[in-house]
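Novice: structure of the sequence below:
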Amino acid sequence: MKAESDTSIEAISVGAAADPFALWLENGQVDLVNSGDLVDVCADNALNDVDGEPRPVLDDAGIQVALSANVERQQAKLNELFAGYNLPELAVDGVSGSLTGQRLCAARLALGLDTTIGDMAPGSAEQTTLFASDTLPTPNSTAIESERWVLIDRTCQMMFIGTGTDTTFVFPTSTGSEGFETRDQDRSAAFRFNPALDNGGWHDSSEFPVGVDNPLNGNLYKPLYFDLGQAIHGANNVPPTPQSKGCARLRVDDQNTFVGWLGLDDATGETWRKDEMNVTVNVQGEFIPRP
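Specialist: Next up, the predicted model:
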């Protein structure tokens, strides 16, 4: 069978009435098929139907090796795409866990694909898009209509930060848990920043006060408020799932980077002047746990 244009094994499987995963294995773990290429659509017949040579069917162990190698490719590609955005690199270990799912989701968001933290199937059209991408686009959102913006995606548990149409940082975040959800926002102006200079940057929330650092109960590092008591703040615990009391947590180092980017790292006290913060916040998405 000849592919009419550059396409994915998944797309070819529709016309071939075949399982895209089986076709991916049959064609030597190929994702993108170029115009004029021959595609072997007869899966599991122990024969390479393109050249007639024998091709032993992979057993379960061989399939697992192929899947693990594919996840390593994804992890390496994600590290390439997110390089320079202040994100730590993923371990390229072939294990698709919560951190890989979080990063896949962020890539989907940036590339205009349906957002999910689930695995990216081998041979799928979305994996083809991932591997064909040389750069990470800025997500399509009303956020970029602001001069400086923050886009918090609850599906991915990721935060994009930038200026105009350019992304500057991408940080992992943890948004509000059930019953304390981080509320939807569309270019909501940050209105209050508290450097908490008298306590090393740690502000004890009046609603969830504690005497020690415990972001579950209201100890917030240099909070920047965008909706009543909801803020972007630093915390020592930032899991890849929603576990805050409504705020969006960042790692302490990431909050320091963010605050420095805003030009607030030399603030001498709390400010309520929106023009000093000059940043808007969008919040979108719905968190769905990994299957």
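
Novice: where do the strands sit along the stretch 151-291 of the chain?
Specialist: Using DSSP state E, counting those that start in this stretch, the strands found in the stretch 151-291 of the chain span residues 158-163, 166-172, 185-189, 192-193, 202-204, 219-227, 230-235, 248-251, 280-284.

Novice: my error: substitute the stretch 1-150 of the chain in the last question.
Specialist: Going by DSSP E, counting those that start in this stretch, the stretch 1-150 of the chain shows strands at 7-8, 32-33, 148-153.

Novice: in JSON lines: those strands, plus mean neighbour count, distance to residue 188 and mean pLDDT.
Specialist: Just so you know, the C-beta spots here come from the backbone N, C-alpha and C atoms, and that holds for glycine as well. Output for those, formatted as JSON lines (neighbours: other C-beta atoms under 10 Å; distance: least, C-beta to C-beta, whole Å; pLDDT from 0 to 100):
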{"stretch": "strand 7-8", "mean neighbour count": "22", "distance to residue 188": "39", "mean pLDDT": "81"}
{"stretch": "strand 32-33", "mean neighbour count": "20", "distance to residue 188": "41", "mean pLDDT": "76"}
{"stretch": "strand 148-153", "mean neighbour count": "24", "distance to residue 188": "10", "mean pLDDT": "98"}
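
Novice: looking at these, which is closest to residue 238?
Specialist: strand 148-153 (12.9 Å; C-beta to C-beta).

Novice: correct me, but residue 193 touches residue 270?
Specialist: Yes: with contact defined as C-beta atoms under 8 Å, residue 193 reaches residue 270; the gap is 6.9 Å.

Novice: neighbour count for these two, which is higher?
Specialist: Neighbour count, other C-beta atoms under 10 Å: between residue 193 and residue 270, residue 193 has more, with 24 against 13.

Novice: quick check: beta-bridge partners of that one?
Specialist: residue 224, residue 271 (DSSP bridges).

Novice: list the contacts of it.
Specialist: Going by C-beta atoms under 8 Å, 6 or more residues apart in numbering, residue 193 touches 222-225, 259, 262, 264, 267, 270-271, 276-277.

Novice: for the residues you listed, give me TSV that also has distance to residue 100.
Specialist: What follows is the contacts of residue 193, written out as TSV (distance: C-beta to C-beta, whole Å):
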residue	distance to residue 100
222	29
223	30
224	29
225	32
259	29
262	30
264	33
267	37
270	39
271	39
276	38
277	34
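
Novice: which of these are buried, as a PyMOL select command?
Specialist: A single PyMOL command selects the buried members of the contacts of residue 193 (16 or more other C-beta atoms under 10 Å):
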select buried, resi 222+223+224+225+259+262+264+267+271+277
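
Novice: possible to save the contacts of residue 193 as a markdown table with distance to residue 96 and pLDDT?
Specialist: Shown next, in a markdown table, are the contacts of residue 193 (distance: C-beta to C-beta, whole Å; pLDDT from 0 to 100):
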| residue | distance to residue 96 | pLDDT |
| --- | --- | --- |
| 222 | 34 | 96 |
| 223 | 34 | 96 |
| 224 | 33 | 97 |
| 225 | 36 | 96 |
| 259 | 33 | 98 |
| 262 | 35 | 98 |
| 264 | 38 | 97 |
| 267 | 41 | 95 |
| 270 | 43 | 95 |
| 271 | 43 | 96 |
| 276 | 43 | 96 |
| 277 | 38 | 97 |
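
Novice: thinking again about what came up before, what would the strands of the stretch 1-150 of the chain look like in CSV with distance to residue 160?
Specialist: Converted to CSV, the strands of the stretch 1-150 of the chain look like this (distance: least, C-beta to C-beta, whole Å):
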stretch, distance to residue 160
strand 7-8, 26
strand 32-33, 27
strand 148-153, 4
